[in-house]
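Colleague: what would the 3D arrangement of this be:
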Amino acid sequence: MLDLDDTIAAIATAAGAAGLAVVRMSGPHALAVADAVFVGASPLARAAGDTLHHGWALAPAAPRGARARLDEVVAAVFRAPRSYTRQDVVELSCHGGAVSAGRVLAALLAAGARQARPGEFTLRAFLNGRLDLVQAEAVADLIRAETEAAHDLALAQLRGGLSRRLAALVEAVSDALAEVEARVDFAEDVGGVEVPPRVVAAVAAAEAALADLLAGADYARAVREGVTVVLAGRPNVGKSSLFNALLGARRAIVTATPGTTRDLVSEPLEIAGVRVTLTDSAGLRRGGGEAESEGVRRAREALAAAAVVIWVVDASVPLAPEDRRIAGRLAGRRVLAALNKSDLPAVAAPGEAAALLAAPPEAVVAVSATRGDGVEELRAALGALLSGGRGLAGAVANRRHAGALARARAALARAGAAARSGAPGEIVALELREGLGALGEVTGRALGGDVLERIFSRFCVGK
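Modeller: Have a look, this model is predicted:
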């Protein structure tokens, strides 16, 4: 995949019925290969960049007879370096559907192009310096985005929001490293081997900047990947009714019989721009038949994996031992307490329910799932929890990025501690170089070809 000397081709649009399909080529021979298939008013090899040309795509030369017309097409010519890959690029727009695009691609491959691998066009854009790795990975996120917030996050990264913050960090750490290494190598000329206070301060500022980046990573990752929110509680507290109310649809079966829900019921929805998988679960209690026991087991598994738990409590009756046991299971979880059946006289007070938890809940909301009272307030509380009040510009959403930045921060922390304790400059320089290496893993400066191929193999073909 790292070979830039051949010409690659692929269908760049999704399969299926559509008005148009686009077949893309990139490489040093893209114009020559295109001219072997495309026939218009003049050869594409003589065309200026950023121009469109009407014509026909013809089948490869046959041993006998005229070449068959494959489809009427429009050829877009982008000359290096003013193209997506910074190579010569030709895009042939033909009629939609699998047949037209497939025939045009087959003709280009017969004329000398090679079938592109997943993500190979964007890989070439990265290798040729048009995008850094953060921006290149944002291309795949942009395609996969399922919410407006996820789309905005990917677009901000594609425009360089995170890249600019990382570039400033790389420059600051590089300057600090250069100063430390100069003092190690030329102590007499620069005034001694001690790391000066201004360098210690610069390293501390870089570490703080990384901490700020990582502080927003959970929210950004939720925007990018979505989160699972589980409704949990003992039987007959109204979990399924609240599930339906939050969805605005009668999705879960609701009866007055305890233990009706015996399996996980999940539905997607969007809250505060985040894709949420809302899951209704079986009432958590001891005993019950074989089917209900299996439902309780699955409910506990879902509870353990949930990013957020909506703990549903029946506030119209005294708190039960099951409520206390469930509250114990929520230790370490992010919890919203929903005091249901607020249309009935309240018996369980908000503070009484919250006191059962090991840590205060994110919010306590009185709701009536049957009447809809408080449902929008609960939705708003969930949205506030998911967003955390943070913006998306320059956010860290990628797990690989977050891991590398965490290692960079740890290295800078060690470098700062070593400098403050008077450790030899070689030790400080070693830690700073490790921090720079971790930052380079995010931008792509410090990654080998095998890692790059794994990253870009997750892209779709044609991008």
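Colleague: any idea which helix or strand carries the residue positioned nearest the centre of the chain?
Modeller: Centroid check for the chain by Cα atoms, centre = their mean gives Arg224 as the closest residue, at 3.5 Å. Using DSSP states H and E, Arg224 sits within helix 217-225.
Colleague: and that helix, what does it pack onto?
Modeller: Judged by 3 or more Cβ pairs under 8 Å, 6 or more residues apart in numbering; DSSP states H and E, the packing partners of helix 217-225 are helix 148-158, helix 375-387, helix 399-420. C-beta: built from backbone N, CA, C; applies to glycine.
Colleague: switch the cut-off to 10 Å
Modeller: Applying 3 or more Cβ pairs under 10 Å, 6 or more residues apart in numbering; DSSP states H and E, we find helix 217-225 packed against helix 133-144, helix 148-158, strand 227-232, strand 274-280, helix 375-387, helix 399-420.
Colleague: next secondary structure after the second one?
Modeller: Downstream of helix 148-158, the first helix or strand assigned by DSSP H and E is helix 161-185.
Colleague: again with the last one
Modeller: Secondary structure here is assigned by DSSP H and E; on that basis, the next helix or strand after helix 399-420 toward the C-terminus is helix 425-443.
Colleague: quick check: buried residues in that next one?
Modeller: Under the neighbour-count criterion of 16 or more other Cβ atoms under 10 Å, helix 425-443 has 425, 427-436, 438-443 buried.
Colleague: next secondary structure element downstream of the helix or strand bottoming out on mean pLDDT in the chain?
Modeller: When the helices and strands of the chain are scored by mean pLDDT, DSSP states H and E, helix 187-190 comes last with a mean of 51. Later in the chain than helix 187-190, the nearest helix or strand by DSSP H and E is helix 197-215.
Colleague: let me see the mean pLDDT of that next one.
Modeller: What helix 197-215 shows for mean pLDDT is 91.
Colleague: buried set for that helix?
Modeller: Using 16+ other Cβ under 10 Å as the test for burial, helix 197-215 gives Val199, Val200, Ala202, Val203, Ala204, Ala206, Glu207, Ala209, Leu210, Leu213, Leu214.
Colleague: run a quick neighbour tally on the residue lying closest to the second one once chain neighbours are set aside.
Modeller: It refers to Val200. The shortest distance from Val200 to any non-neighbouring residue, by Cβ to Cβ, 6 or more residues apart in numbering, is to Ala419 (4.8 Å). Using other Cβ atoms under 10 Å, Ala419 has 24 other residues around it.
Colleague: quickly note the distance from Ala419 to Ala10.
Modeller: 51 Å (Cβ to Cβ, to the nearest Å).
Colleague: same deal with Val227?
Modeller: 34 Å.
Colleague: kindly report the same for Ala217.
Modeller: Distance of Ala217 to Ala10, computed by Cβ to Cβ: 33 Å.
Colleague: show me where the stretch 1-150 of the chain has its helices.
Modeller: Listed in chain order, the helices of the stretch 1-150 of the chain (DSSP state H, counting those that start in this stretch) span 30-35, 98-110, 120-127, 133-144, 148-158.
Colleague: low-scoring pLDDT stretches of the protein, where are they?
Modeller: 1-2, 62-65, 185-193, 249-263, 282-297, 305, 388-394, 446-449 (pLDDT under 70).
Colleague: the longest strand in it is where?
Modeller: Using DSSP state E, we find that the single longest strand of the chain is strand 69-78.
Colleague: the residue nearest to the centre of the chain is in contact with Ala156, isn't it?
Modeller: No - contact status for Arg224 versus Ala156: not in contact, 11.5 Å apart, counting by Cβ atoms under 10 Å.
Colleague: which element, helix or strand, includes Leu357?
Modeller: With DSSP H and E as criterion, Leu357 is part of no helix or strand.
Colleague: give the contact list for the closest residue to it other than its chain neighbours.
Modeller: Counting by Cβ to Cβ, 6+ apart, Ala327 is the residue found nearest to Leu357 once chain neighbours are left out, at 5.2 Å. Residues near Ala327 by Cβ atoms under 10 Å, 6 or more residues apart in numbering: Trp311, Val313, Leu319, Val335, Ala337, Ala353, Ala354, Ala355, Leu356, Leu357, Ala358, Pro361.
Colleague: quick check, Ala327 in a helix?
Modeller: Yes - Ala327: assigned to a helix according to DSSP: H, G, I helix; E, B strand; the rest coil.
Colleague: just checking, Gln157 touches Val223?
Modeller: No - in terms of Cβ under 10 Å, Gln157 does not count as a neighbour of Val223; the distance is 11.4 Å.
Colleague: now Thr85, nearest residue through space, not along the chain?
Modeller: Ranked by Cβ to Cβ, 6+ apart and with sequence neighbours excluded, the top spatial neighbour of Thr85 is Arg124, at 4.1 Å.
Colleague: what number of residues lie near the one you found?
Modeller: 27.
Colleague: distance of it from His401?
Modeller: Taken as Cβ to Cβ, the span from Arg124 to His401 is 22 Å.
Colleague: more crowded one of Ala217 and Ala10?
Modeller: Counting neighbours by other Cβ under 10 Å for Ala217 and for Ala10 shows that Ala10 has the greater number, 25 against 20.
Colleague: distance of the more buried one relative to Ala380?
Modeller: 45 Å.
Colleague: what's around the nearest residue to Glu362 once chain neighbours are set aside, how many residues?
Modeller: Among residues not flanking Glu362 along the chain, Leu385 sits closest, at 5.0 Å (Cβ to Cβ, 6+ apart). By the criterion of other Cβ under 10 Å, Leu385 has 23 neighbours.
Colleague: got the contact list for Leu385?
Modeller: Counted by Cβ under 10 Å, 6+ apart, Leu385 has contacts 219, 222, 227, 229, 271-272, 274, 307-308, 334-336, 361-363.
Colleague: hmm, Pro60 is touching Ala110, no?
Modeller: Yes - Pro60 is in contact with Ala110 according to Cβ under 10 Å; the separation is 4.5 Å.
Colleague: which residues do these two both contact?
Modeller: Counting by Cβ under 10 Å, 6+ apart, the residues touching both Pro60 and Ala110 are Ala36, Val37.
Colleague: and stretch 359-378, which residues are buried?
Modeller: Neighbour-count burial for stretch 359-378 flags 361-370, 373-375, 378 (criterion: 16+ other Cβ under 10 Å).
Colleague: format the residues you listed as CSV; extra columns: secondary structure and distance to Pro345.
Modeller: Compiled in CSV, the buried residues of stretch 359-378 are given as follows (DSSP: H, G, I helix; E, B strand; the rest coil; distance: Cβ to Cβ, whole Å):
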residue, secondary structure, distance to Pro345
Pro361, coil, 23
Glu362, coil, 26
Ala363, strand, 23
Val364, strand, 18
Val365, strand, 18
Ala366, strand, 12
Val367, coil, 15
Ser368, strand, 12
Ala369, coil, 17
Thr370, coil, 15
Asp373, strand, 14
Gly374, coil, 16
Val375, helix, 20
Leu378, helix, 20
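Colleague: using a markdown table, please lay out those together with distance to Val39.
Modeller: What follows is those, written out as a markdown table (distance: Cβ to Cβ, whole Å):
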| residue | distance to Val39 |
| --- | --- |
| Pro361 | 69 |
| Glu362 | 65 |
| Ala363 | 66 |
| Val364 | 71 |
| Val365 | 67 |
| Ala366 | 72 |
| Val367 | 68 |
| Ser368 | 70 |
| Ala369 | 66 |
| Thr370 | 69 |
| Asp373 | 69 |
| Gly374 | 68 |
| Val375 | 63 |
| Leu378 | 63 |
